[in-house]
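*Asks:* based on what follows, work out the 3D shape:
(chains A and B)
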Amino acid sequence: MSLLSSIKDHHTERRLFLARVILAAVVATLLLGTVVVRLVQLQVLDYEHFAERAQGNRIRIEAVPPIRGLILDRKGRVLAENLPAYQLELIPEQVDDVDDTLARLASLELINADEIPRLRTLVERGPRFKPVTLKLRMTDKEVAHFAIQRPRFPGVDFRPRLIRHYPNGPAAAHAVGYVGALSENDLRNLDPTRYSGTGQTGKTGIERSFESQLHGDPGYRHVVTNARGRVIATETGELQDALPADAQPVPGNNVYLSLDLDLQQIAYDALDGERGAVVALDPWSGEVLALVSNPSFDPNLFAVGLSTQQFNDLQNDLGNPLFDRAVRGTYPPGSTIKPILALAALEVGATNLTRKKMCIGYFSLPNNTHRYRDWKPEGHGMVDLHDSIEQSCDVYFYEISLDVGIDNMHKYLDQFGLGQATGIDVPGEKTGINPSREWKQKAFSNPDDRRWFHGETVIASIGQGYMSATPLQLASAAATLATRGSRYKPHLVAAWENPLSGERTLVKPSLIADVDIKNEFYWENVIEAMHDVLQGARGTARAAGIDADYEMAGKSGTAQVFTVAQEDEYDESEIEYRMRDHALFVAFAPLDNPQIAVAVIVENGSSGSRVAAPIARAIMDKYLGVDDASQ
Amino acid sequence: MRLNDTQRIVGNKAAPLSDFARLMRGLHIDGPLLGLLLLICAFGLAVLYSAVGESMRLTMNQLIRVGVAFAAMLVVAQVPPDVMRRWTPWAYAGGLVLLVLVLTTGVVGQGARRWLDLGIRFQPSEIMKLAVPMMGAWYLHHRPIPPRASHLLFLFGIIAAPTLLIAKQPDLGTALLIAASGLIVIVLAGLPIRFMVALMLAAIPGAFVLWNFMQDYQKQRVLTLLNPDSDPLGAGYNIIQSKIAIGSGGLFGKGWTNGSQAQLEFLPERDTDFIFAVLAEEFGLLGVLTLLSLYILVIGRGLYIAVQARDTFSRLLAGSISLTFFVYVFVNTAMVSGLVPVVGVPLPLVSFGGTSMVTLMAGFGILMSIHSHRKLLPH
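*Replies:* Reported below is the predicted structural model:
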């Protein structure tokens, strides 16, 4: 190193360095000179222009919200639309005393007094120039009333807006969902630029899951405002000429659902006065034809903005109307899973089509006195597999349950979609439980509880015990029986359409799984037994299958209710009612060329074949009848 | 020239010193530089007070940061340049290791992986802001000046490694600044003019490569610069509002805490990257030129110290620190006034925030050390 340094020419080096520093200083001066020239340009030459833009008559960029896409059913009937209405707005930067203004508006009964704290927060949180919506829909009388008072309220004004409207009200409320005012949480998750003019966003159902399709893109316009910020109309004049070009908003896409409003309405009417759910699917595509949960609610309340009192009433209603039973309610599937277990039993060789068992009304495990009872106390006598589906004999399934085994039960129920999300395009679906040894290991902490017991296999064979499923899952399983083993992902949205170009994007059916049972003979025999449930001589639901001009298949189910939720307050007769069994029915039709699969649940309906089956029948009649007529 | 210096220094020593001057000398403080920096920070705090909406709490926070930064400067000034030089390779290597750690185990924030959590969160790229020019100067210290082609290649490697690591975080603004601080060392060391021309020509295809390297939001910023009115609510909003703020300030400004653009929150990031627009709106062209003059004096003093330095390492390092400071000032002011695309570079010593200020002041500490530890005769 010392050698190297000795050959350095320090004098030359210093001269070179000095030259480079001077060069750098010159370049730096030139660059900084550019900035100074730029500042002189902005602050001296263009001062007037910028001063005008900043102060006094100010150009404001105002977002123009896009028109939200429509939601329509499979025949183009409107489920969600936009109607004009006047809304009351406040622009924070134009109001000197927000508290006083809100108090005076409340005294005129234009806003609710107990809303004031919430509105105040909104005013304080948002940008000062952005209007805050005080009331979403003003009545004609309120508009007239305020128009007279308007000079006393600088910074408050009413403005025409489009309000979301659901013409069918509660009938499709859970499936379509509703929009509501943008919350602070929404604002954190959404792109503020896209929502700069938007006051509402989808909260549930399709309105939420297809928000990005429905919303559209905002446009903007430049408006001239006076010192108070109020927009001044300027048809001509220099200011107007100097405005940059505006941009039109791009409307949101129209979303077509596979839902059939007629079916939806029939199912909704059929559940009138009951708590329950109906799901109907097209087995070969997974298209949802009906998705009903009852009791329901009026989604228009949310679109207009409901008061705290209204919201609390909905929340505290014992019928739990906001809860979407169709995709979120989990129920013991009961006997509705017997066809699946019959297939599994045949496939694994636990029984065959001719083997008979004696049903004496109960079943006991070897060396155990506990009686697992049949629903029919006197028993069904000698029954084979076909009989035990047709008449829903429990003992036959108890008898073969240990030969099938919980592992196989789990395996085949899994292939029919139990215990897993169906992947439907509305948010919040529950998975239910398809119990297995592994599941029990995870679900319990106490080592004694984590073992799987034979008795649990026995009751699993009639869909009781730990097992639970949503109505949607049961409909999907019925659809999978209908297709003889092809399970398609259920979906509500069939297509979306660009309203400007008319271009449509279709949602393609998506095959999730093929059931691993290849013997057609098994399928046809089990489905024949399901046919006899409705249209056989001794079928449990033969009353519901009577006089049909097409062939159908179905299976009733009854699910025991073990507990009534503790926190709810019921009187004694109510408790007795709420301990009644849930009624279930799954069905599909026509037998050879299935076009529809249905699942019906009526909470505390007691009898699947008597209460739930007629609803399924009515829906299939309507769907098959209407389609025949139109073709 | 050397003889003159000797005489002056000897003469200075012989002349009686005031108590204050003796104290400053004892603490290795450069009086003019300290005075200028204090003026800038005082002015900066006043602007910041307005930019944070007259919040005394936030202003005091910043005052504490300024205090810490000055303390860092004072500590660094005590370290003789020779010691710094010996530490340089370790600092550089350590910095590289930390940068790799950031990419593997760093904390993610604002879509980038820039922080390390070692009790306190910090950005290792801050170390590199000083370590890269130091390493360049260290490498050239014992080598012939102007550097040979093979040495140049090695130097580019020294710069490229941290630059690429930081660009990957991604933090393109810091990466470009660090690359600049290294390149400045090479230019000051006498990179032949034809090399510079070749580099600039190479920058044209390089820009296309960079374009592909950039994130979508960064591309958007470049496009926005070319036509801010294309998206006035989105990407163009910052720059439009910033220009309105600056322009409407006029010659004398709207007065302290009276800028409508800043106070009514039209101006985004008014207390950080866009604080220059607050200054321009409230103090006008006059205020802006005052601050720029202070900056120029700081840079001038730094270059003077560089020219006076006694060895290659000190000279190159002092020159690079001073000119990098200029790059900060230029990029921020040019960005805020709409001359270059928006890159996240704060206005030095004025923008809200602590880490970068500590690094900057440590750099000035190095300048002071170099100046106050000058030996009578080199080697």
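
*Asks:* ok, now how distant is residue A:130 from residue A:63?
*Replies:* Distance, residue A:130 to residue A:63, by CB to CB, to the nearest Å: 9 Å. The way it works is simple: take the backbone N, C-alpha and C, and place the C-beta from them, glycine included.

*Asks:* give me the low-pLDDT residue ranges for the chain?
*Replies:* Answering for chain A, as no chain was given. Residues of chain A meeting the criterion pLDDT under 70: A:1-8, A:55-60, A:126-129, A:224-245, A:562-577, A:626-631.

*Asks:* other chain: chain B
*Replies:* B:1-16, B:109-111, B:119-120, B:224-235, B:260, B:262-266, B:375-379.

*Asks:* is the top helix by length along it in proximity to chain A?
*Replies:* Across chain B, the longest stretch assigned as helix under DSSP state H is helix B:275-308. Yes - Helix B:275-308 is in contact with chain A by CB under 8 Å from any CB of the partner chain, via B:280-281, B:284-285, B:288-289, B:292, B:296, B:299-300, B:303, B:306-307.

*Asks:* just the CA atoms of stretch A:374-382, as PDB, please.
*Replies:* Extracted in PDB, the C-alpha atoms of stretch A:374-382 (Å, rounded to 0.1, in the frame of the first residue of the first chain):
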ATOM      1  CA  ASP A 374     -86.300 -46.200  14.900                       C
ATOM      2  CA  TRP A 375     -88.700 -43.400  14.200                       C
ATOM      3  CA  LYS A 376     -91.400 -46.000  13.900                       C
ATOM      4  CA  PRO A 377     -91.700 -47.700  17.400                       C
ATOM      5  CA  GLU A 378     -93.200 -50.900  16.200                       C
ATOM      6  CA  GLY A 379     -90.600 -51.300  13.500                       C
ATOM      7  CA  HIS A 380     -90.700 -51.900   9.700                       C
ATOM      8  CA  GLY A 381     -90.400 -55.700   9.700                       C
ATOM      9  CA  MET A 382     -88.200 -57.300   7.100                       C
END
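
*Asks:* thought residue A:329 was touching residue A:471?
*Replies:* Yes - counting by CB atoms under 8 Å, residue A:329 touches residue A:471, with 6.5 Å between them.

*Asks:* what about the residue of chain A found nearest chain B, how many residues close to it?
*Replies:* Of all residues in chain A, the one sitting closest to chain B is residue A:50 (2.6 Å; CB to the nearest CB). By the criterion of other CB atoms under 10 Å in any protein chain shown, residue A:50 has 21 neighbours.

*Asks:* ignoring the adjacent residues along the chain, who's closest to it?
*Replies:* residue B:247 (2.6 Å; CB to CB, 6 or more residues apart in numbering or on different chains).

*Asks:* assumed the one you found was part of a helix.
*Replies:* Yes - judged by DSSP: H, G, I helix; E, B strand; the rest coil, residue B:247 forms part of a helix.

*Asks:* tally of neighbours for it?
*Replies:* 28.

*Asks:* got the residues of the stretch 101-250 of chain B near chain A?
*Replies:* Counting by CB under 8 Å from any CB, the residues of the stretch 101-250 of chain B that sit close to chain A are B:142-146, B:184, B:187-190, B:229, B:232-234, B:243-250.

*Asks:* how much space between residue B:146 and residue B:193?
*Replies:* Counting by CB to CB, the gap from residue B:146 to residue B:193 is 10 Å.

*Asks:* residue A:256 now?
*Replies:* Distance from residue A:256 to residue B:193, by CB to CB: 69 Å.

*Asks:* which of the two has more neighbours?
*Replies:* residue A:256 (24 against 10).

*Asks:* just to check, residue A:544 is in contact with residue A:613?
*Replies:* Yes - with contact defined as CB under 8 Å, residue A:544 and residue A:613 form a contacting pair (3.7 Å).

*Asks:* which residues do the two both contact?
*Replies:* Taking CB atoms under 8 Å, 6 or more residues apart in numbering or on different chains as the contact rule, residue A:544 and residue A:613 both touch A:534, A:554, A:585.

*Asks:* who wins on neighbours among those residues?
*Replies:* residue A:585 (37 neighbours).

*Asks:* how about the nearest residue to that residue, chain neighbours excluded?
*Replies:* residue A:612 (3.6 Å).

*Asks:* wait, doesn't the one you found sit right on residue A:556?
*Replies:* Yes - assessed by CB under 8 Å, residue A:612 is found in contact with residue A:556 at 7.1 Å.

*Asks:* more neighbours, the two?
*Replies:* Between residue A:612 and residue A:556, counted using other CB under 10 Å, residue A:612 has the larger neighbour count: 35 against 29.

*Asks:* is the more buried one in a helix, a strand, or coil?
*Replies:* Residue A:612 ends up helix, using three-state DSSP.

*Asks:* contact partners for it?
*Replies:* A:276, A:556, A:583-585, A:600-602, A:605.

*Asks:* so which of those residues belong to strands?
*Replies:* A:276, A:556, A:583-585, A:600-602 (DSSP state E).

*Asks:* just the helices from the stretch 151-300 of chain B, written as ranges.
*Replies:* Applying DSSP state H, counting those that start in this stretch to the stretch 151-300 of chain B gives helices spanning B:172-188, B:193-213, B:216-226, B:237-249, B:260-263, B:275-308.

*Asks:* now the stretch 251-400 of chain A
*Replies:* Using DSSP H, counting those that start in this stretch, helices in the stretch 251-400 of chain A cover A:261-270, A:299-304, A:308-316, A:325-328, A:338-348, A:385-390, A:394-415.

*Asks:* need these in JSON lines with mean neighbour count, can you?
*Replies:* Below are those laid out as JSON lines (neighbours: other CB atoms under 10 Å in any protein chain shown):
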{"stretch": "helix A:261-270", "mean neighbour count": "22"}
{"stretch": "helix A:299-304", "mean neighbour count": "22"}
{"stretch": "helix A:308-316", "mean neighbour count": "12"}
{"stretch": "helix A:325-328", "mean neighbour count": "24"}
{"stretch": "helix A:338-348", "mean neighbour count": "24"}
{"stretch": "helix A:385-390", "mean neighbour count": "25"}
{"stretch": "helix A:394-415", "mean neighbour count": "21"}
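
*Asks:* tell me which strands the lengthiest strand in chain A pairs with, and in which orientation.
*Replies:* Secondary structure of chain A per DSSP E: the longest strand is strand A:78-90. Looking at strand A:78-90 with DSSP bridges, its partner strands are strand A:71-72 (antiparallel), strand A:132-138 (antiparallel), strand A:156-165 (antiparallel).

*Asks:* buried residues in that strand?
*Replies:* A:79-82, A:85-90 (16 or more other CB atoms under 10 Å in any protein chain shown).
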